[in-house]
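Colleague: Sequence first, then the predicted structure:
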Protein chains: 2
Amino acid sequence: MTTQEGYYACGDRPLQEGDLKCAGVISPRGNIPSVSYEIFDVIIIGAGYAGLTSARDLCLSGFKVLLLEARDRVGGRTWTAEVEGHIYEMGGTWVHWGQPHVYREMSRYGYTKLLDSNADKVGCNYFTSWINGKAKNISYEEVGPAVDRAFETYCDIDGNGGKTIMPYPHDPHFNPEAKQWENISAAQRIEQVRAKLNELELYTLQSFVAAISGNDMNATGFFDVLRWWALSGYSTQGLNDYTETYKIPEGQSRFARTMFDEALATGNLKYAFDTLITSINDSSKAVEVTSTSGQKWSARRLISTIPLNILDRIQINPPLSPAKFAAHSIQHIGIGAKVHMEVKGTNLRTWSAAAWPDSRVFSGRGDGITPSGNTHLVFFAANKQGLNAQEDAQDMVAEAKKLHEMDIKKVIWHNWLEDPLAKGIWCMFPPAYSFNHLDALRERHGNVLFASADWALGWRGFIDGAIEEGTRAAMAVMKELGFLRRVAPAL
Amino acid sequence: MTTQEGYYACGDRPLQEGDLKCAGVISPRGNIPSVSYEIFDVIIIGAGYAGLTSARDLCLSGFKVLLLEARDRVGGRTWTAEVEGHIYEMGGTWVHWGQPHVYREMSRYGYTKLLDSNADKVGCNYFTSWINGKAKNISYEEVGPAVDRAFETYCDIDGNGGKTIMPYPHDPHFNPEAKQWENISAAQRIEQVRAKLNELELYTLQSFVAAISGNDMNATGFFDVLRWWALSGYSTQGLNDYTETYKIPEGQSRFARTMFDEALATGNLKYAFDTLITSINDSSKAVEVTSTSGQKWSARRLISTIPLNILDRIQINPPLSPAKFAAHSIQHIGIGAKVHMEVKGTNLRTWSAAAWPDSRVFSGRGDGITPSGNTHLVFFAANKQGLNAQEDAQDMVAEAKKLHEMDIKKVIWHNWLEDPLAKGIWCMFPPAYSFNHLDALRERHGNVLFASADWALGWRGFIDGAIEEGTRAAMAVMKELGFLRRVAPAL
């Protein structure tokens, strides 16, 4: 099965949109009987990990669930393209056994054979920095301690590596003294430590903080970078282990598909893909949703997993509270690009690079060997305005070649910023956002519950956060409607 | 409600067994109709976290479950005594958001306000070492780096802090080169690094490795200590954060009770406490269990959560395979003691100590302030043979007083080694055990599945490992009997 999403350019072949093989594409596209009219227990908008988790939990307990998804596949901002026998994770990728919600699911389904992104030892084994317009290759023995020292300095706001200010990153109110750090940007914190860092430390820090942000660091709350640091155990080794080392060898789409299949096996799941919801109407008796084609469905509860950056596109009645409206009206700032390339040979397997702000590339690295014996590179980069897809691919190729000689065979990516169902990559908050708006984002609205990685308490913006939120929403529904549904619901 | 378990001595009052207030005690003790004969879908032996997780998952999906527990409470090797408004965790205690299975449950139930064991800043703020028969108080500024360096040296078997040899601690076969480290004991590894350590480093290392082991380090596999290190992110800070920092303020017994209550709310849970099972008979059609009082129950599947060290006490027919028998015939070596004391005043709140091998005490530390304004201390110590409970309490008091002046008001503990339902504390494997026997421990035996923290892949011996295993067993049953039970089962 192939999806209509993603871009793929191969050698001299013209750039192509969609038609990429993906295990997350579901066939048939729907299983709702067209003649019957049914009141569901729960309607779930979105078949990303949050929606899949809610659907699975509720179906397992006998609830009649309708899952509606605008895309042609499960996984939301996470999906796997399979090209010539190699998997490319187009969005969410890396997982870790210390990410509780995703690892619990991996463990439960037996996805416990992990792939270590750093396993292969072949190739050049150096790091390329881009400072003052020049590429320079540096040994890991030199750059490793520089990055350590840079991040340790950046995050050491309390003489204790950030641990005194943020001992428990899930709870923004755990330590009231943390509030003073909430208002500054990631860039402002760079200025506070700039004088303490040498050139290599400063440039690698800027690149990697921008890579975490997916944005110019002026837009990024320092607090959200500090949260990644704290969640990773307050070390660069932890940041590396948690956020860019371990992959599911079968690919995320197969894993997501496993959750969908379990829900389906209960007999309680109705679903429709290619189905975009434009409005939600909540009466005290039921919630009704309407699709672009005018179809309507009703349920006792609704779980919306619509991401933060497109929440303003759906019409909700009765209107949201002022607090929720204020929260929704500010978007998260994760708007970077993730671009895969296949390059000839294995020399770049142990290569990595950081090149921002003098290049569009935040960071890049070898991430695997393809069946044809070439290297799979992954880049995180700033989005460039005003380019069409063809120009964007050419521009990224040029940027990559500036950093290192490489013979590029393929370019594969998903333009998340232009994706009308995402309008961004992983969630990063601007300064002052989490203290002021996180609670409101998490609030329900009558019979409508909101579940998204974008307002998770733990690994916000990660697969783990999506599963955390899907679990929370399902639990809330079960507490209200009973822990096990036995009979068809009657309104 | 009070439990019959645990010991409590207070001032001049004689030592008392049981009668400690515990939220995990269930009333009524059973809900099985005595006249009806019912074939269950699943019988679960043991209401610790493994059994509770299996029961909860299966009941939520409509399975008819019978939960049988020999104790008078839920929680197994984890329970909370409440004495004069303060909680004492008698077994499993500390949790962390990077322990996936327990944190997923905490998050799901909303137990996300954590208590930081190190939060209070009052008191002496030093560490006491016991070297060559003398107590010496040392600042944390001095001892912290010593412990760091000692553990880093001890675990650095590959020039990469253990990370090259053990990149993924859940899978003993992940790196074949790890096998060479499986055969040595924790004590043998001490000998390999002894010359590299100064006196303070050596003594603190010996104490803390013995505390992790709950035993003389000769009996302990080095590999299992290395697993704690790897699971904790390869740092002493991580070891501290993961294994002795964050508690559930409501107490573990309330948390365990929440899982039990959710299972009960489905209407699918029958249970009996004070019910010890002595034999399991598996025919191809059903599994039958028999209690000490001769009661018999049958089910399509059985989940046994009986701990490793008492598995040899249950009769299983047909007999276990030679591989399983070989695994069960070797016991785990975690046989230490955990002893709570309340001491007058707040001076010892920020005190800690390590005193092994010259004292019986592995380690001790302030763990909270009681409502009467005194300090709660917790000690981990070697079990002393041949003492009755009264002598044991007196001996521990004498040992503690050797380390530091203290006015002891209460002593509270559970003698896990003498407990016929545990015969040990947390699971630690002897050398060469995990490569040779772990897979066999995890195997099923016909219709009988085995689930225990003692053979978890991740946080083995922890609450997290128990929930991992309970999840695995429930999933295996659901895969066989269907993901949602709709009708009463027929054999």
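Modeller: Received it, and whenever you're ready, just let me know what you need.

Colleague: what's the closest non-adjacent residue to the residue of chain A found nearest chain B?
Modeller: As assessed by Cβ to the nearest Cβ, chain B sits closest to A:Gly98 within chain A, at 3.4 Å. Placement of C-beta: from N, CA and C, glycine included. Across the structure, with Cβ to Cβ, 6 or more residues apart in numbering or on different chains as the measure, the residue nearest A:Gly98 apart from its sequence neighbours is B:Gly98 (3.4 Å).

Colleague: Can you check the pLDDT for the one you found?
Modeller: On the pLDDT scale, B:Gly98 is placed at 96.

Colleague: so how many other residues sit close to it?
Modeller: Using other Cβ atoms under 10 Å in any protein chain shown, the number of residues around B:Gly98 comes to 26.

Colleague: Relative to A:Phe380, how far out is it?
Modeller: Noted for B:Gly98: a distance of 24 Å to A:Phe380, by Cβ to Cβ, to the nearest Å.

Colleague: just A:Arg360 next, same as before
Modeller: A:Arg360 sits 10 Å away from A:Phe380 when distances are taken as Cβ to Cβ.

Colleague: In terms of neighbours, single out the busier of those two.
Modeller: Each of A:Arg360 and A:Phe380 has its neighbours counted (other Cβ under 10 Å); A:Phe380 has more, 24 against 20.

Colleague: circling back to that earlier point, which residues touch the residue of chain A closest to chain B?
Modeller: Residues in contact with A:Gly98, defined by Cβ atoms under 8 Å, 6 or more residues apart in numbering or on different chains, are A:Gly233, A:Tyr242, B:Trp97, B:Gly98, B:Gln99, B:Pro100, B:Gly233.

Colleague: is it true that it lies in a helix?
Modeller: No. When the secondary structure is assigned by DSSP: H, G, I helix; E, B strand; the rest coil, A:Gly98 falls in coil instead of a helix.

Colleague: any low-confidence regions in the stretch 351-491 of chain A?
Modeller: Low-confidence segments of the stretch 351-491 of chain A (pLDDT under 70): A:486-491.

Colleague: and it, which residues reach chain B?
Modeller: Taking Cβ under 8 Å from any Cβ of the partner chain as the criterion, the neighbours of chain B within the stretch 351-491 of chain A are A:Leu457, A:Gly458, A:Glu468, A:Thr471, A:Arg472, A:Met475, A:Gly482, A:Phe483, A:Leu484.

Colleague: gap between the third one and B:Gly470?
Modeller: If I follow you right, that is A:Glu468. 20 Å.

Colleague: same check, this time on the fourth one
Modeller: Applying Cβ to Cβ, one obtains 16 Å for the distance of A:Thr471 from B:Gly470.

Colleague: Between those two, which has more neighbouring residues?
Modeller: Summary of the neighbour comparison: A:Thr471 and B:Gly470, criterion other Cβ under 10 Å, with B:Gly470 having more neighbours (32 against 23).

Colleague: For the more buried one, which non-adjacent residue is spatially closest?
Modeller: Nearest to B:Gly470 is B:Thr53, by Cβ to Cβ, 6+ apart, at 2.8 Å.

Colleague: now do A:Pro318
Modeller: A:Asp282 (6.7 Å).

Colleague: do A:Trp426 as well
Modeller: Leaving out its chain neighbours, the residue that sits closest to A:Trp426 by Cβ to Cβ, 6+ apart is A:Gly461, at 3.5 Å.

Colleague: Now stretch A:21-34: buried residues?
Modeller: By neighbour count, with 16 or more other Cβ atoms under 10 Å in any protein chain shown as the criterion, the buried positions of stretch A:21-34 are A:Lys21, A:Cys22, A:Ala23, A:Gly24, A:Val25, A:Ile26, A:Gly30.

Colleague: Of those, which pair is most distant in space?
Modeller: Greatest spatial distance in these: A:Lys21 and A:Gly30, 21.3 Å, computed using Cβ to Cβ.

Colleague: who touches the residue nearest in space to the middle of chain A in this structure?
Modeller: The central residue of chain A, meaning the one whose C-alpha is nearest the mean C-alpha position (Cα atoms, centre = their mean), is A:Trp426 at 4.0 Å. For A:Trp426, the contacting residues are A:Arg77, A:Gly92, A:Gly214, A:Gly334, A:Ala453, A:Gly461, A:Phe462, by Cβ under 8 Å, 6+ apart.

Colleague: so which pair among those is furthest apart in space?
Modeller: When the contacts of A:Trp426 are compared pair by pair using Cβ to Cβ, the two farthest from each other are A:Gly214 and A:Ala453, 13.9 Å apart.

Colleague: And these two? Which one has more around it.
Modeller: Taking neighbours as other Cβ under 10 Å, A:Gly214 and A:Ala453 compare with A:Ala453 leading, 31 against 28.
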